[in-house]
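**Student:** Take a look and give me a structure for this.
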Amino acid sequence: MRQVVLDTETTGINPREGHRIIEIGCVELINRKLTGNHFHVYVNPERIVEQEAIEVHGITNEFLADKPLFKEVVSGFVDFIRGAQLVIHNAPFDTGFMDHEFNKVAGLNLATADICTVLDTLVLARQMHPGQKNNLDALCKRYGIDNSHRELHGALLDSEILADVYLMMTGGQTDLNLGGKSNTANSMQGEQIRRLGSERKPLKIIRASADELAQHESRLDLVQDKGGSCLWRQD
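**Tutor:** Numbering: from 1, shown residues only. Just a heads-up that it's a prediction; the model follows:
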């Protein structure tokens, strides 16, 4: 089974207000193995990124000025996700933006549902842990996944973290399969589950100050006050 764990960053919180995708990050799983294949691109949205959004993900208008348009990357993106099951936390947010972008490409005539199925890990987490917080921070803590190196939202980093969360939620990850290589002996004898992160090099941890944490929470409050869907506060 081929799955693609996906996350996006955007100019704002609502595509119906003209907001657009500015970053796409995906990592590939085949038969519950991380293959090492990924898709990552920044996109020029042809509009201004809201300041509130910049302070969440750190992606500025100046940085995006020379990046390709969505119509220039859509073919590679569709090729990467076609036929896969997308794994997304709070899937309606990302697929809503994806469908908005697909609709803007002349002659494409495409929707996410036409090429992929979708598994929403937020829905799955609520089923597994009813009455508990099920945002990504809470799930990382629950399953022992270190996300302390994440200073700002980023689509590729968040998709990697979500892949860890999803695999731990659903039984752990089998052998890492880089370059599409498989371990035939292990396949014949049955897959052995290993905990993610056990072979990773230690990461340098820079702790946020109390003032920085307070400012971050204030910005998340602002996003929610404006009616947005805040990925890391979904429960």
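
**Student:** so what pLDDT did the residue lying closest to residue 100 once chain neighbours are set aside get?
**Tutor:** Nearest residue to residue 100, sequence neighbours excluded (CB to CB, 6 or more residues apart in numbering): residue 15, at 3.8 Å. For the C-beta atoms, the positions are set from N, CA and C on the backbone; glycine is no exception. On pLDDT, residue 15 comes in at 97.

**Student:** Tell me, how many residues neighbour residue 15?
**Tutor:** For residue 15, the neighbour count with other CB atoms under 10 Å is 20.

**Student:** hang on, it packs against residue 95?
**Tutor:** No. Between residue 15 and residue 95 there is no contact under CB atoms under 8 Å: 10.4 Å.

**Student:** State the distance from the residue nearest to residue 100 to residue 8.
**Tutor:** 11 Å (CB to CB, to the nearest Å).

**Student:** Overlap of the contact sets of the two?
**Tutor:** Contact criterion CB atoms under 8 Å, 6 or more residues apart in numbering; residues bridging residue 15 and residue 8 by contacting each: residue 97.

**Student:** got the contact list for the closest residue in space to residue 80 that isn't next to it in sequence?
**Tutor:** Nearest residue to residue 80 in three dimensions, chain neighbours excluded: residue 39, at 4.2 Å (CB to CB, 6+ apart). Residues counted as contacts of residue 39 (CB under 8 Å, 6+ apart) are 4, 24, 25, 26, 76, 77, 80, 81.

**Student:** Buried ones among the residues you listed?
**Tutor:** Neighbour counting with 16 or more other CB atoms under 10 Å marks 4, 24, 25, 26, 77, 80, 81 as buried within the contacts of residue 39.

**Student:** can you give me the strands for this structure?
**Tutor:** Secondary structure of the chain (DSSP state E): strands at 2-10, 21-30, 33-42, 85-88, 117-120.
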